[in-house]
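Novice: Just to be clear, the model below is a prediction. Sequence and coordinates:
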Amino acid sequence: MYKPLDSKDIESELSYAYLHAVASSVGINCRTDNRHADNRCTDAILTCHEHFEGSYKEEIDLKIQLKATIAKPVETPSHCSYFFRGVTQYDWLREETQIQNRMLVVLFLPENRGEWLSVDPEQLILKNCAYWLSLRGADASANSSGTTVYLPKEQLLSPENLLNLFQRISKNEPLKYVSP
C-alpha cells in the first residue's frame, strides 16, 4: 500500500531540490548518497570540475549534510540559529581529522506548508532559503540531544556563494566554524 510522504519527508526532499538547483545552475554535479552514507552525515556530494585561478585542484568533492526546518530561527543582524539534533552527526561534522570537506546546509521553510512551493507559467518559487556552515573545529555539544549552531547570513547557499566556497576549498583555505 502506498504511503504518502509526511511533512518531514517533504521538507527533506525540498532541501535536496534546493541544493540540486543551486549546484546545477553553476555546473556543479550534485548526487545524493545512500542510506549508509547518511549514517555518516552525507546526504549529498557536490563535485566541481573547475580550474580556479591560483589553484592546482581541478576536481573537488564536498560532502553535504542537509537539514530542513519550519522552526523560525532566532535571528541577529548577522546570523540565524538552528538546533542541530543528533550529537553523533554534529560530532562527525566538527571533526578536524577528516580530509574530506564537509558542510551543513540548512533550509528554512515557512511555517505554513502551503507557502513552501508555488508554480505558475513564469516561475517556480521555493520559499525562503538555505545557508551553509562548516562545523569543523566547533566546540563539543554541552548536552546529549543536540546543540544550537549559528549560520552566518553571508553564507546564503546561492550559486555565486557556492562557487566562491569551491574556490576557497581549491586553494586549501581552511573552513572552520566561527562562533558568533
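Specialist: Right, received. Where do you want to start?
Novice: where exactly do the strands run in this structure?
Specialist: 29-32, 44-48, 60-69, 79-85, 101-108, 117-120, 123-126, 129-133, 146-152 (DSSP state E).
Novice: now those in a markdown table, with distance to residue 10?
Specialist: Where you see a C-beta, it was placed from the backbone N, CA and C, and this is true even at glycine. Output for the strands of the chain, formatted as a markdown table (distance: least, CB to CB, whole Å):
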| stretch | distance to residue 10 |
| --- | --- |
| strand 29-32 | 16 |
| strand 44-48 | 17 |
| strand 60-69 | 9 |
| strand 79-85 | 18 |
| strand 101-108 | 11 |
| strand 117-120 | 9 |
| strand 123-126 | 12 |
| strand 129-133 | 15 |
| strand 146-152 | 22 |
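Novice: Residue 21 is nearest to which of these?
Specialist: Ranking the strands of the chain by proximity to residue 21 (CB to CB) places strand 123-126 first, at 7.8 Å.
Novice: by contact count, what packs against that closest one?
Specialist: helix 7-25, strand 117-120 (3 or more CB pairs under 8 Å, 6 or more residues apart in numbering; DSSP states H and E).
Novice: what's the pLDDT at residue 32?
Specialist: For residue 32, the pLDDT comes out at 89.
Novice: Where does pLDDT dip in this protein?
Specialist: 34-40 (pLDDT under 70).
Novice: Swap in 90 and give it another go.
Specialist: Across the chain, the ranges flagged by pLDDT under 90 are 1-6, 32-42, 50-58, 86-89, 92, 95-101, 142-144, 171-180.
Novice: wouldn't residue 44 be in contact with residue 29 here?
Specialist: No: checked against CB atoms under 8 Å, the pair residue 44 and residue 29 is beyond contact range at 10.2 Å.
Novice: Among the two, which residue is more densely surrounded?
Specialist: Comparing residue 44 with residue 29 by other CB atoms under 10 Å, the one with more neighbours is residue 44, at 22 against 14.
Novice: how near is the residue nearest to the more buried one when sequence neighbours are not counted to residue 162?
Specialist: Leaving aside its sequence neighbours, residue 44 sits nearest to residue 64 (CB to CB, 6 or more residues apart in numbering; 4.4 Å). Distance of residue 64 to residue 162, computed by CB to CB, to the nearest Å: 11 Å.
Novice: got any residues that touch both of these two?
Specialist: residue 46 (CB atoms under 8 Å, 6 or more residues apart in numbering).
Novice: need the helices and strands packed on strand 123-126 in TSV with distance to residue 127 and mean neighbour count, can you?
Specialist: Formatted as TSV, the helices and strands packed on strand 123-126 follow (distance: least, CB to CB, whole Å; neighbours: other CB atoms under 10 Å):
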stretch	distance to residue 127	mean neighbour count
helix 7-25	9	17
strand 117-120	7	10
